[in-house]
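Trainee: Compute the structure for the input listed below.
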Amino acid sequence: MKRVSIYLKIRVLGAVETAEGNSIISRIMRVAQRTFHDEEGRPHAFTWRTIQTWYSLFNKGGVEMLENRPRKDKGKHRKVNPEMILEAVEQALPAFRKERYNKTMIYRHCLEKGLFAPRACSRTHFMRLVKEYDLLKPASESPSKLREAFSKRYANQMWQLDTMSGPYVANGKTKTQTKLIAFIDDASRVITHGEFFLSENTGDLVTAMKSAFHKRGVPETLYVDNGAIYTCAEINQICARVGTLLCHTPVRDGAAKGKIERFFRTVRDNFLLRELDLSSLRKLNDQFRVWVEEEYNAAVHGTLKMKPVDRFALDLKRVRFLEPLAFNEELFYFEEDRCVRKDNTFQVQSVRYEAPRGLAGLKIQVRFNRANPTRLAVFYKNERMGEATVLDLYANDRASTRTVNQETTP
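Mentor: This is a model prediction of the structure:
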């Protein structure tokens, strides 16, 4: 649908001002019955709700509020991303003989195996993603990209972040494969933080980011791929709060993060080939931490001709650390908007909470750990208002009773 020009909107609002009627609503209703012609002579009719919206925007911010703005999610994939479709395609291809399949067959097979739901990715959307990113071609056959060796000038100008599959460790009565989440500084090659987890989810990534930022400061840019955990709301919110620019590599372009990929090869060839104690995740991380700090970061790097930790120290005055504030933990929380009811309560994950005083009827921002929402910090217009408490109806009732008794006591 073609957007309405701002000139036509102004003409419609001008008609509202001169229309007959005792109220603004009656005048808008009368104008909604008329037909207007644009600059090219094409007729247009608008509903009274549309005209009312334009009228409210104009009164709020003038002509600028009437300008057509691009969608915030333009160019983004709202339900599935190319990385998710690529994983589904790679799981589906082994079921077909080479050169004896097409896009439709792959799409149907993905639906049958439950690799994604029809509502998450329609056939048309699937075809478009496969064509745009050449997902049915092996990576070796993808068009070659021009690559040039590069390095940032100063420490913490850019970190590269990625995940690697690790060894199996004892997890109760079974063994679970671990995932290594690691950060490397582009300029100094320092491993700012690396940690093994029993899974690869958003909570694990947030935990790793928290440790990295406290240990080595805040990077100006964080370079990641298009995996699900690297495009989630929490990561974008954390980077925005601490002032880090989150950048994503092109799809199917793992070589773009060459430094972290090279480190993972060193981990496989050096650390994982040792006799490791895999009786628990904690022991594995203790051994990995010693190896990183005492061997990798403290060994002369072939390209730098000096130790990564010494190269990082040269720019220590430029490194920006998190300020020692009491509420730094909340920088790493998930944030959602909530509308406070007239009784000063709101709801999060089916639990009702009481907001700090004076927020009834207002729109607030609530920060909490989505995996364990025990603490809810309440913000209003970027100002911290306090913490919310779980609603206790009986305690509130007793408080009301005490108030009544005090008022009736002579």
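
Trainee: make it CA atoms for all contacts and neighbour counts henceforth
Mentor: Fine.

Trainee: Average pLDDT for the host helix or strand of residue 284, rounded please.
Mentor: Using DSSP states H and E, residue 284 sits within helix 281-291. Helix 281-291 carries an average pLDDT of 95.

Trainee: can you list the residues that contact that helix?
Mentor: The contact list for helix 281-291, computed with C-alpha atoms under 8 Å, 6 or more residues apart in numbering, reads 169-171, 194-198, 271, 276-278.

Trainee: between these, which is nearest residue 295?
Mentor: Among these, residue 271 lies closest to residue 295 (C-alpha to C-alpha), at 10.1 Å.

Trainee: now that closest one: how far from residue 264?
Mentor: 10 Å (C-alpha to C-alpha, to the nearest Å).

Trainee: repeat for residue 85
Mentor: According to C-alpha to C-alpha, residue 85 and residue 264 sit 25 Å apart.

Trainee: now swap in residue 49 and tell me
Mentor: Distance from residue 49 to residue 264, by C-alpha to C-alpha: 57 Å.

Trainee: about what we covered before: off-centre distance for the helix holding residue 284?
Mentor: Computed by C-alpha atoms, centre = their mean, to the nearest Å, the separation of helix 281-291 from the middle of its chain amounts to 29 Å.

Trainee: Give the next helix or strand downstream of it.
Mentor: Beyond helix 281-291 toward the C-terminal end (DSSP H and E), the next one is helix 308-314.

Trainee: any low-confidence regions in the stretch 151-300 of the chain?
Mentor: Scanning the stretch 151-300 of the chain with the threshold set as pLDDT under 70 gives 151, 251-256.

Trainee: Spell out the residue ranges of the helices in it.
Mentor: 202-216, 233-242, 258-266, 281-291 (DSSP state H, counting those that start in this stretch).

Trainee: Can you tell me which of those helices is most buried?
Mentor: helix 202-216 (a mean of 18; mean count of other C-alpha atoms under 10 Å).

Trainee: Can you give the contact residues for that one?
Mentor: For helix 202-216, contacts defined as C-alpha under 8 Å, 6+ apart pick out 181-183, 192-195, 197, 219, 229, 232, 234-235, 319, 321-322, 332, 371.

Trainee: let's see 6 Å
Mentor: 192-193, 229 (C-alpha atoms under 6 Å, 6 or more residues apart in numbering).

Trainee: Just among those, which is most surrounded?
Mentor: Neighbour tally across those (other C-alpha atoms under 10 Å): the maximum, 26 neighbours, falls on residue 192.

Trainee: what's the spacing between that one and residue 157?
Mentor: Distance from residue 192 to residue 157, by C-alpha to C-alpha: 13 Å.

Trainee: Which parts of this structure belong to which domain?
Mentor: 6-66, 82-141, 159-318, 333-394 (automatic domain parsing).

Trainee: and the longest one, how far from the chain's centre?
Mentor: For domain 159-318, the gap between its own C-alpha mean and the chain's C-alpha mean amounts to 19 Å (C-alpha atoms, centre = their mean).

Trainee: Same question for the last one.
Mentor: Remark: domain 333-394 is offset 21 Å from the chain centroid, using C-alpha atoms, centre = their mean.

Trainee: just the shortest one next, same as before
Mentor: In this view, domain 82-141 has its centroid 25 Å away from the chain centroid, taken as C-alpha atoms, centre = their mean.

Trainee: what number of residues lie near residue 171?
Mentor: The number of residues near residue 171, taken as other C-alpha under 10 Å, comes to 14.

Trainee: How about it, nearest residue that isn't a chain neighbour?
Mentor: residue 280 (6.9 Å; C-alpha to C-alpha, 6 or more residues apart in numbering).

Trainee: Kindly report the same for residue 217.
Mentor: residue 321 (4.1 Å).

Trainee: The contacts of helix 281-291 into TSV, with extra columns for distance to residue 23?
Mentor: As requested, those are arranged in TSV below (distance: C-alpha to C-alpha, whole Å):
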residue	distance to residue 23
169	73
170	74
171	71
194	65
195	65
196	66
197	64
198	64
271	77
276	80
277	79
278	76
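
Trainee: Give me the neighbour count for residue 52.
Mentor: Neighbours of residue 52 (other C-alpha under 10 Å): 18.

Trainee: Which residue is the nearest non-sequential neighbour of it?
Mentor: residue 28 (6.8 Å).

Trainee: Report the secondary structure state of that neighbour.
Mentor: helix (DSSP: H, G, I helix; E, B strand; the rest coil).

Trainee: Quickly note the distance from residue 370 to residue 386.
Mentor: 18 Å.

Trainee: cool, and residue 30?
Mentor: Taking C-alpha to C-alpha, one finds residue 30 at 48 Å from residue 386.

Trainee: still on that earlier bit, give me the neighbour count for the residue nearest to residue 52.
Mentor: Neighbours of residue 28 (other C-alpha under 10 Å): 25.

Trainee: Quick check: it vs residue 112, distance?
Mentor: From residue 28 to residue 112 the distance is 52 Å (C-alpha to C-alpha).

Trainee: Make sure the residue nearest to residue 171 is actually in contact with residue 170.
Mentor: Yes: the criterion here is C-alpha atoms under 6 Å, and residue 280 meets it with residue 170 at 5.4 Å.

Trainee: you'd agree residue 298 is up against residue 306?
Mentor: No: contact between residue 298 and residue 306 fails when scored by C-alpha under 6 Å: they sit 9.0 Å apart.

Trainee: Touching both of those two, which residues are there?
Mentor: What both residue 298 and residue 306 touch, as defined by C-alpha under 6 Å, 6+ apart, is an empty set.
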